[in-house]
Each structure stands twice: as structure tokens, then as C-alpha cells.
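Q: Predicted model follows, preceded by the sequence.
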Amino acid sequence: MSLRSCAICVVDGKGTVLHERDLPCEIEEIAGYLTALPVPIERIGFESGTLSQHLFFGLKAEGFDVVCMEARQVSAALSAMRNKTDRNDARGIAQILRTGWFSPVHMKSREAHGVRALLSTRKALLSKTIDLANEVRGLLKIFGIRLPKTVKHGSFDGVVRPMIEMDEVLAHAMLPLLD
């Protein structure tokens, strides 16, 4: 499975390959293909990765029994294969799923991922804000302007902007940073 495409392999209870195909990695495409097959689909399995959560909940909503498998365990099982291709990996994952030799991964809820995304973006924004503040402090030192060691959170712009606006060169260079 990649961001753009996925290899699908359908096997029966004995491990015989019934169907194989490459599809765009879209829930509608995968669900449409699998429901159109002449054989019933008992379970869908894939290894954990960046699209796991999206595919897991999307295919579950389409009515499939979905299992996400531990990537390191799947990788170890597939490492004995000579030819590493998406098609062969799909075959191997289908066999692992059929035999039950895997550990399922717990899938966090969309809400949990939403909170994680919010915390991650907040951390990134705070980090960039601190980087910009330190850049402004360093540039101001060149012109002999020293800011207090601590400026209250949220008041950096109010302290620095009046100092910068007094000098046309500073204003031209640093106002975009503040903005």
C-alpha cells in the first residue's frame, strides 16, 4: 500500500489466489472492487502505516471486517520472500491474514487523532513563533537594540513593533516577520 495505490490479493481458505489487482488507494475503489467479486469477502487485512486509520474506519463503514496488522511483524514474515513487489507483498499479507499469524493493531478513534493533530500543530506553531522571535532579537542586536530578557507571552509584537517602526530600514526588513 502506498499513498496512491494498493495491491489487492484475495485468497480462499486453502490459500489459493482467487483475484489480484492494483487499485487507487481510495475506499470507494477498494470497496467497489471487493463487493463486485463473485466470492464473499470474509476479512480485509493490511499492515499499519500512514493511511491505516483512514482505510480501517472507511472500510469498516462499508461493512467489511477489517484488521490492521503490526508492520514489523508483517515485515519480518515477508522478509523471506525473494522478490519484494507490491503484488508479492499483498499475497504474503493475504496468507498471514488467512493463517492468523499476526498481532492486530489497536486503531485509535478519529477524535483521538484529531486531538493529536491539534496538539501537533500547536507545538509546530509555538516552535516557529519562538524561532521568529529569536531571529528578530538577533537582528535587532546588530542595530544596538536590546529587548528585555523576557517579554510576556502574546505581547512581543507590542513591544518590538514601535522600536522597529522608528527606523525605515528595520521596518522594511522586520515588519514582515512580525506580521
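A: Thanks, I have it.
Q: could you say what helices and strands whichever helix in the chain runs longest packs with?
A: When the chain is scanned for its longest helix (criterion: DSSP state H), the result is helix 110-142. Helices and strands touching helix 110-142, by 3 or more C-beta pairs under 8 Å, 6 or more residues apart in numbering; DSSP states H and E, are helix 52-61, helix 156-165, helix 168-178. For glycine as for every other residue, the C-beta is placed from the backbone atoms N, C-alpha and C.
Q: Low-confidence ranges, this protein, go.
A: For the chain, the stretches flagged by pLDDT under 70 are 153.
Q: Now do the same contact list for the residue most central in space within the chain.
A: When C-alpha atoms, centre = their mean is applied to the chain, the residue found nearest the centroid is residue 50 (4.3 Å). Residue 50 sits next to residue 3 when contact means C-beta atoms under 8 Å, 6 or more residues apart in numbering.
Q: Okay, it and residue 113: tell me how far apart.
A: Note on residue 50: its distance to residue 113, by C-beta to C-beta, to the nearest Å, is 12 Å.
Q: what's the neighbour count on residue 168?
A: Neighbour count for residue 168, taken as other C-beta atoms under 10 Å: 9.
Q: likewise residue 93?
A: Neighbours of residue 93 (other C-beta under 10 Å): 23.
Q: That one against residue 45, yeah?
A: Yes. Counting by C-beta atoms under 8 Å, residue 45 is a contact partner of residue 93 at 6.0 Å.
Q: shared neighbours, the two?
A: Contacts common to residue 93 and residue 45, judged by C-beta under 8 Å, 6+ apart, are residue 69.
Q: quick one: buried residues of stretch 168-179?
A: Neighbour counts over stretch 168-179 (16 or more other C-beta atoms under 10 Å) mark 170, 174 as buried.
Q: Validate this expectation: residue 46 resides in a strand.
A: Yes. Under DSSP: H, G, I helix; E, B strand; the rest coil, residue 46 sits within a strand.
Q: and the gap between it and residue 129?
A: Distance of residue 46 to residue 129, computed by C-beta to C-beta: 38 Å.
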